[in-house]
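> Task: produce atomic coordinates for the following.
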Amino acid sequence: VQALVPIVVEVEVPYDFHRYIIGQKGTGIRKMMEEYEVNIAIPPSDMQSDVIKVTGLLPNAERAKAGLLSRAKELLAEQEDRALRGFKLTVSVDSKYHPKIIGRKGAVISQIRKDYDVNIQFPEKDGENQILPQDAITITGYERNAESAREAILKIVGEFEEMVNRDVTLDRRVHSRLIGARGKAIRKIMDEYKVEIHFPQPTSDDPDLVTVTGLPENVDNAVDYLLNLEEEYLMDVVESEEAQSYVKPSRHVEAPKAPAKGFVVRDAPWDQSASQAPDMTSSEEFPSFGAAIAPKSTVWGPKKF
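Prediction:
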């Protein structure tokens with residue numbers, strides 16, 4: 001009979017864990033009460049008490065107590081884990097290297113975060129509430145992981161500090177072929193030799209000058225490869241230009257022709273306004289046949305009788 005009488009069992013659980021036990025909108029505590037068939041009373045928050053009261057049959061109350069203690073143990077482990085994961089360190093890196101550490105579309109920094117399970121923050125550009133200096137990078141995570149991530153970042157910086165720039169003259173006529181459609185060809189070369197290749201702007205003083213940046217050995221290998229490609233491509237260019245010179249039609253500049261005058265009627269009656277009327281008394285214009293008769297002056301046109 002005593003086993004059928006409800007009892008109250010007190011369970012000590014740190015006050016800070018109560019909200020996690022209750023869960024969002026009370027879903028956590030309701031689930032435990034249904035599972036163990038007990039009533040669980042959480043003390044009001046203003047009391048900040050660690051004591052949780054469980055009411056129910058003895059076997060159920062004991063199981064509920066064990067469940068609460070197990071959940072408190074999990075929460076304590078999570079709390080300790082959060083504290084460990086919250087370890088922070090700051091590494092100072094010249095801001096000019098930040099884009100290199102981030103990588104194209106964030107590829108480099110994303111890989112570091114993934115490899116070492118850390119969060120990496122860069123200073124905001126021109127941030128109003130900027131606290132850390134512009135060269136400070138903050139790494140957050142487990143202490144060992146954060147230190148490993150810092151070493152990975154410093155290794156990248158060290159490589160860039162060792163990099164050199166080398167200018168090489170490549171005939172401008174082969175630049176487009178070296179670059180390839182949408183830059184595909186030049187990106188392949190840069191990835192293969194781990195270098196950066198910069199072509200001159202159209203307004204450059206030397207349109208043949210190409211700059212290769214990277215570690216010394218990589219730069220030398222990339223330059224040799226580019227020079228070999230230039231030699232190969234130039235042969236194609238020269239052959240193409242020679243072929244075009246044979247089929248290209250010659251251009252003759254012809255003097256502009258005057259417009260054709262066509263058929264012209266001279267000294268017509270309608271031209272009398274621009275010229276003198278014929279001299280009817282002139283023997284040159286009107287030679288006489290037989291007796292000379294002095295004609296009367298008249299105008300051109302049909303004769304009126």
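
> Show me what the lengthiest helix in the chain is packed against.
With residue count as the measure and DSSP state H as the assignment, the chain has helix 216-247 as its longest helix. In terms of contacts (3 or more CB pairs under 8 Å, 6 or more residues apart in numbering; DSSP states H and E), helix 216-247 is packed against strand 164-169, helix 175-179, helix 184-193, strand 209-214. Yep, even glycine has a C-beta here, placed from its N, CA and C like the rest.

> please redo it, this time with the cut-off set to 10 Å
For helix 216-247, the contact count by 3 or more CB pairs under 10 Å, 6 or more residues apart in numbering; DSSP states H and E identifies strand 164-169, helix 175-179, helix 184-193, strand 196-198, strand 209-214 as packing neighbours.

> Tell me where the stretch 1-150 of the chain has helices.
Listed in chain order, the helices found in the stretch 1-150 of the chain under DSSP state H, counting those that start in this stretch are 18-22, 27-36, 58-85, 98-102, 107-116, 143-161.

> Please tabulate the ones you listed in TSV, including the columns mean pLDDT.
Listed next are the helices of the stretch 1-150 of the chain as TSV, based on pLDDT from 0 to 100:
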stretch	mean pLDDT
helix 18-22	95
helix 27-36	96
helix 58-85	95
helix 98-102	94
helix 107-116	97
helix 143-161	95
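
> And the ones you listed: which comes nearest Ile42?
In terms of CB to CB, the element of those nearest to Ile42 is helix 18-22, at 5.5 Å.

> can I get the CA coordinates of the closest one in PDB?
What follows is helix 18-22, C-alpha atoms only, in PDB (Å, rounded to 0.1, in the frame of the first residue of the first chain):
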ATOM      1  CA  HIS A  18      16.900  24.900 -14.800                       C
ATOM      2  CA  ARG A  19      16.100  26.700 -18.000                       C
ATOM      3  CA  TYR A  20      17.700  24.000 -20.000                       C
ATOM      4  CA  ILE A  21      15.700  21.300 -18.200                       C
ATOM      5  CA  ILE A  22      12.500  23.300 -18.700                       C
END
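
> and Ser45, how many neighbours does it have?
10 (other CB atoms under 10 Å).

> Next: Leu170.
Burial of Leu170 is recorded as 21 neighbouring residues (other CB under 10 Å).

> before we move on, what about Ile137?
As a burial measure, the neighbour count of Ile137 was computed by other CB under 10 Å and equals 23.

> Could you spell out which stretches of the protein belong to which domain?
7-82, 87-162, 164-245 (the TED database).

> Start and end of the second one, how far apart?
Across its full length, domain 87-162 reaches 31 Å end to end, with CA to CA, to the nearest Å as the criterion.

> cool, and the first one?
One end of domain 7-82 sits 37 Å from the other (CA to CA).

> still on that earlier bit, tell me which of the helices and strands packed on helix 216-247 sits most buried.
Of the helices and strands packed on helix 216-247, the one with the most neighbours on average (mean count of other CB atoms under 10 Å) is strand 209-214, at a mean of 19.

> So for Asn221, which of the helices and strands packed on helix 216-247 sits nearest?
Closest to Asn221 of the helices and strands packed on helix 216-247, according to CB to CB: helix 184-193, at 5.6 Å.

> what is the orientation angle of the closest one with strand 209-214?
Angle of helix 184-193 versus strand 209-214, following axes from the mean of the first three to the mean of the last three CA atoms, to 10 degrees, is 40 degrees.

> Contacts for helix 184-193, please.
Under the contact criterion CB atoms under 10 Å, 6 or more residues apart in numbering, helix 184-193 has outside partners 104, 175-180, 183, 195-199, 210, 212-215, 217-226, 229.
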